[in-house]
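> Coordinates for the following, if possible.
(one chain, ligands or ions: 2)
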Amino acid sequence: MQTETSVLVTGGAGFIGANFLLRMVPKHPDTRFVCLDRLTYAGNAMNLRAIEDAANFHFVQGDICDTALLGGLFEEHGFTSVVHFAAESHVDRSIEAPLAFARSNVEGTVALLEAARQAWPEDAAGAGDRYRFVHISTDEVFGSLGDSGQFDEATPYDPRSPYSASKAAADHFARAYFHTYGLPVVLTNGSNNYGPFQFPEKLVPLVISNALDGRAIPVYGTGENVRDWLYVKDHCAALEAVLRRAPPGETYLVGGDSEARNIDLVERLCDLVDAVEDRPEGYSRDLITFVEDRPGHDHRYAIDFSKLEAELDWQPEHDLTDGLRATVDWYLRHPDWLEAVRDDSYRDYYARQYSEA
Ligand code: NAD
Ligand code: TYD
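Ligands and ions are numbered 1, 2, ... in the order given. So this is what the prediction gives:
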């Protein structure tokens with residue numbers, strides 16, 4: 001990245017965005033990072049406490065759908081890059097309330113692409129490395145795999161949940177802005193992330209926090225669905241490489257080389273929590289409760305990230321054993337964080353969701 005650049009990071013108070021900013025702000029003191037985040041239930045300014053006073057960091061609370069706000073921010077800060085994380089991100093919520101996903105994920109992405117198009121020169125894609133729009137997406141846009149095979153950059157889109165449909169639509173808009181307007185867009189499709197600062201509605205932090213509190217640990221269906229788990233810090237390293245070196249118009253899949261069945265992952269997490277808390281063997285496994293399956297539940301995701309490895313020299317540094325241990329350790333050292341993010345709406349949501357668990 002050049003010095004004296006200015007980067008707009010949307011959704012930087014959420015899980016992956018916060019990990020990205022905590023990595024990038026101290027590492028690139030000559031680059032200005034502006035975080036734009038609406039602070040929904042999933043975003044929390046306290047995630048950014050370690051950098052909030054940094055001279056090269058600025059936080060703005062606002063909505064990516066607010067076109068006037070976006071225009072003003074581009075004018076004020078002269079952004080040369082956008083790293084776009086902001087989205088509604090939880091599949092179960094998308095099944096309950098899909099419109100919010102269409103709004104933030106589709107309309108919000110188009111508003112942001114349009115703000116960049118208005119602000120940047122027409123030949124931005126040809127202006128060397130000066131301008132970049134990194135659109136962060138998910139492997140869920142590709143649908144569901146059988147027991148073998150992997151997604152790669154040529155896999156056709158086949159989204160099956162309102163969440164993945166909204167991300168797929170956003171991806172198509174991002175590519176359309178590259179082809180139609182020459183906007184220097186780069187896309188990534190990452191697999192399931194886990195690590196510090198993940199809101200405890202997603203599987204990994206949910207299991208850790210429920211095990212800690214001795215609450216039922218809900219496993220959907222028979223727990224045989226497979227995900228490819230990516231430690232969030234590895235994902236952020238990949239995103240830095242993409243931001244700095246990826247040519248406009250390219251797409252990269254990012255995976256952790258760590259496939260696991262949900263039930264196996266949950267049992268490993270239970271054992272890790274019990275070991276640290278010095279509990280009898282099997283204590284947390286006894287909390288596992290099989291509940292009704294998620295409608296349209298994708299069976300398996302797996303990622304071939306060889307393009308990212310070959311072109312940008314990236315590979316994950318954490319295997320599932322290191323990554324899960326580091327993650328459990330982080331949550332056990334931050335009970336205050338868990339307490340603070342679980343507000344009343346979260347409690348009500350889960351009371352409804354798991355009343356039968
Ligand atoms: P998250 O839900 O933890 O954080 C999303 C952030 O976006 C929150 O801070 C929220 O306040 C903000 N936000 C939501 N709507 C907004 C709006 N309209 N305007 C401004 N801010 C808004 O999500 P995450 O897990 O950090 O995911 C970040 C991005 O990465 C998403 O685009 C997601 O689709 C993608 N992704 C996530 C995963 C994963 O496993 N978590 C994997 C691959 C890709
Ligand atoms: P999740 O963390 O919601 O990520 P995604 O749906 O984006 O993959 O779920 C990961 C897997 O865990 C998925 O197969 C659904 C399953 N799951 C459960 O079994 N129980 C739960 O309480 C949750 C939240 C998820």
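> Could I get the full set of helices for the chain?
All helices of the chain, identified by DSSP state H, fall at 15-27, 67-77, 91-96, 99-101, 108-119, 162-181, 203-213, 232-245, 262-277, 306-312, 320-333, 335-341, 344-353.
> hey, least reliable of the ones you listed by pLDDT?
Lowest mean pLDDT within these: helix 344-353, at a mean of 49.
> what's the domain layout of this structure?
For the chain, automatic domain parsing gives the domain ranges 5-194+228-254, 203-226+259-297+320-351.
> Does the last one reach ligand 2?
Yes: contact between domain 203-226+259-297+320-351 and ligand 2, assessed by C-beta under 6 Å from any ligand atom, occurs at 203, 206, 218-220, 225, 262, 294. The way it works is simple: take the backbone N, C-alpha and C, and place the C-beta from them, glycine included.
> Which residue would be the closest one in the stretch 51-200 of the chain to ligand 2?
residue 91 (4.0 Å; C-beta to the nearest ligand atom).
> looking at it, that residue is touching residue 165, isn't it?
No: Residue 91 is beyond contact range of residue 165, at 10.8 Å (criterion: C-beta atoms under 8 Å).
> Next, count neighbours for residue 172.
Using other C-beta atoms under 10 Å, residue 172 has 14 neighbouring residues.
> what's the burial count for residue 244?
14.
> any low-confidence regions in the stretch 1-150 of the chain?
1-4 (pLDDT under 70).
> how about the residues of it that lie near ligand 2?
For the stretch 1-150 of the chain, the residues in contact with ligand 2 (C-beta under 6 Å from any ligand atom) are residue 91.
> rewinding a little: would a markdown table of the helices of the chain with distance to residue 188 be doable?
A markdown table is the format used below for those (distance: least, C-beta to C-beta, whole Å):
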| stretch | distance to residue 188 |
| --- | --- |
| helix 15-27 | 11 |
| helix 67-77 | 22 |
| helix 91-96 | 19 |
| helix 99-101 | 19 |
| helix 108-119 | 14 |
| helix 162-181 | 10 |
| helix 203-213 | 20 |
| helix 232-245 | 6 |
| helix 262-277 | 23 |
| helix 306-312 | 8 |
| helix 320-333 | 19 |
| helix 335-341 | 26 |
| helix 344-353 | 28 |
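> and of these, who's closest to residue 254?
Of all those, helix 232-245 sits nearest to residue 254, with 4.7 Å by C-beta to C-beta.
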